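Trainee: heads up, no residue letters with this:
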């Protein structure tokens, strides 16, 4: 791993080179929101804007709606993209989320080639968070505002330029012309980290949360914390680690399509017989929380939430997954399980 | 890399109306390509399932109801219930259909060598048990297992699947079959009552015996405790679960019970494995 230095003056030159050679996606500001878009001009990039994009960048590998195949008479495979992608300015929570999604899609026996082909050809350059937002809690779930899981390289913004930490060979090639970062710059980056991390919430006891949630599986807890839930599903649609999908045939277009789905919807698990293992919002909320804080832990010993805070920020009735976890840990103490 | 979402092209070779009310039909599908057939049977294990696929109608999972030795076809017994199954029921011999499979784990029949096999099935969930029993009854496999006993319950005699073969099982001396219906009918000489009650009445011995249970959730729910009561240890009681599924390969997320996916880690679980999982069947 090498550490490079990119001065503010050279930033434009480097980025315009990348934009020419790759399809470069970065957070761009539109009237509605901050979102990952294909960059044509450097001025579009809003990497230093505070806050994260409305939608996580997972949609570049796992679009909200994706054609799996066309069936006009015979079956057609879907063509793959030519130009390599760079995702620039990904926040560490979202970069880590894509690493988690690799686990979900890269089943050994049945790898998901739609995810994998897009993922393989992409380089993820993250951008260290120097001003985490009010709903950010990456440190609570095993991440960090400077976390590098899922990053091929990471930019750390200093006053005069960027310290670039490089973690993969394919990223190394992008920055060969840059000078190595001097000791004082890397030191400044480290100092900045110490400053940012100070005041962020501490990591939860992963195993304790896991055990506690499982022990509450059949408790009234879930009814209480889901009482105000509208079942709108925004928490799952904006979540960087949610990957559930539905497969439907679009008969007019003659296409088989997969669309994002949500465990917060009633028909998600409804069977043809009428039986529904998750008939009310209590069971559905339980599934959302337990998938992230218990089942992922069982599967890969990691919490499947990266603390990006989107579900907290955009929930129309202010349901806060941090509070749910906190409440679960103290459920008996606060008068639950009467 | 093989695309796990791409259905294998098949044709319907034979259709059997199984029940007197015509709600259950068996479809025997043959492969369009020899290569696909070879690959399928190289990995097929009784208890596995496939996604059937009709372009324009979608996909749905069904248990495989045939043993490999029956021939180069794959049988699915389908109950007409929703949109997709209605579409299949309206299809004819010669029609094209897609299949993705075999999927899931199947029954670990190679671990049961030398043991007694107790098969307990109810209604249309009997399909994979039928495939397994047929497999075991084949002359080259029969010697691998000790006594084979089957208990098969249906609401009425007309709803019994695979009637000619079940009749044959009554006559054979290498399998004991107990049939049950809910209410007495004329000329019915077998058991009357729900499967759990009939099981308790039969009181099979748990020694060196594996019990395999497949049925509607309510039957399974009341049958498992009877087996426990009869002394069957949890790790020798097997059941096959069903869930709504889309991908069938562990990606789409919906068929989980706790951290296990029914499609990928199941559909066959032991009772001890189920006790480890949250109660969300």
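Mentor: Right, received. Where do you want to start? Since the model is a prediction, treat every value here as computed from it, not as a measurement.

Trainee: pLDDT weak spots in the stretch 101-250 of chain B?
Mentor: Within the stretch 101-250 of chain B, no stretch falls below the threshold (pLDDT under 70).

Trainee: so the closest residue to chain A within it is in which element?
Mentor: As assessed by Cβ to the nearest Cβ, chain A sits closest to residue B:249 within the stretch 101-250 of chain B, at 3.7 Å. Where C-beta positions appear, they are placed from N, C-alpha and C, glycine not excepted. Residue B:249 belongs to no helix or strand when assigned by DSSP states H and E.

Trainee: for the closest residue to it other than its chain neighbours, helix, strand, or coil?
Mentor: Leaving aside its chain neighbours, residue B:249 sits nearest to residue A:110 (3.7 Å; criterion: Cβ to Cβ, 6 or more residues apart in numbering or on different chains). Following DSSP: H, G, I helix; E, B strand; the rest coil, we place residue A:110 in the coil state.

Trainee: per-residue pLDDT, residue A:110?
Mentor: What the model reports as pLDDT for residue A:110 is 87.

Trainee: on that earlier part again, quick one, phi/psi of the residue of the stretch 101-250 of chain B closest to chain A?
Mentor: Main-chain dihedrals, residue B:249, degrees, to the nearest 10: phi -130, psi 20.

Trainee: please list the outside residues in contact with the longest helix seen in chain B.
Mentor: Ranked by number of residues, the top helix in chain B under DSSP state H is helix B:217-229. If you take Cβ atoms under 8 Å, 6 or more residues apart in numbering or on different chains as the criterion, helix B:217-229 is touched by A:275, B:120, B:122-123, B:153, B:194-196, B:199-200, B:206, B:211, B:213-215, B:234, B:237, B:239, B:271, B:281.

Trainee: picking that back up, any idea how far residue B:250 is from the residue nearest to residue B:249?
Mentor: 7 Å (Cβ to Cβ, to the nearest Å).

Trainee: which one's more surrounded, the two?
Mentor: For residue A:110 versus residue B:250, neighbours defined as other Cβ atoms under 10 Å in any protein chain shown are more numerous around residue B:250 (24 against 21).

Trainee: run a quick neighbour tally on residue 26.
Mentor: You didn't pick a chain, so chain A it is. Quick note: residue A:26 (other Cβ under 10 Å) scores 26 neighbours.

Trainee: think we crossed wires, I meant chain B
Mentor: Residue B:26, neighbours per other Cβ under 10 Å, totals 19.

Trainee: that's a strand at it, yeah?
Mentor: Yes: remark: residue B:26 belongs to a strand, assigned using three-state DSSP.

Trainee: chain A versus that one, what's the distance?
Mentor: 18 Å (Cβ to the nearest Cβ, to the nearest Å).

Trainee: contacting residues around that residue?
Mentor: B:15, B:16, B:18, B:65, B:75, B:76, B:77, B:78, B:161, B:162.

Trainee: confirm that the second one lies within a strand, as I assumed.
Mentor: Yes: inclusion of residue B:16 in a strand is indicated when three-state DSSP is applied.

Trainee: pretty sure it is touching residue B:25, no?
Mentor: Yes: using Cβ atoms under 8 Å, residue B:16 is in contact with residue B:25, at 6.6 Å.

Trainee: how many neighbours does residue B:203 have?
Mentor: 11.

Trainee: my bad, should have said residue A:97
Mentor: Count around residue A:97 with other Cβ under 10 Å applied: 28.

Trainee: what backbone torsions are found at residue A:335?
Mentor: Backbone torsions of residue A:335, given as degrees, to the nearest 10, read phi 100, psi 10.

Trainee: roughly how far does it sit from chain B?
Mentor: 24 Å.

Trainee: and residue A:178, by the same measure?
Mentor: As judged by Cβ to the nearest Cβ, residue A:178 and chain B stand 36 Å apart.

Trainee: repeat for residue A:245
Mentor: 5 Å.

Trainee: element containing the spatially closest residue to that residue that is not a sequence neighbour?
Mentor: Spatial nearest neighbour of residue A:245, chain neighbours left out: residue A:258 (4.6 Å); criterion: Cβ to Cβ, 6+ apart. Per DSSP H and E, residue A:258 falls inside strand A:255-260.
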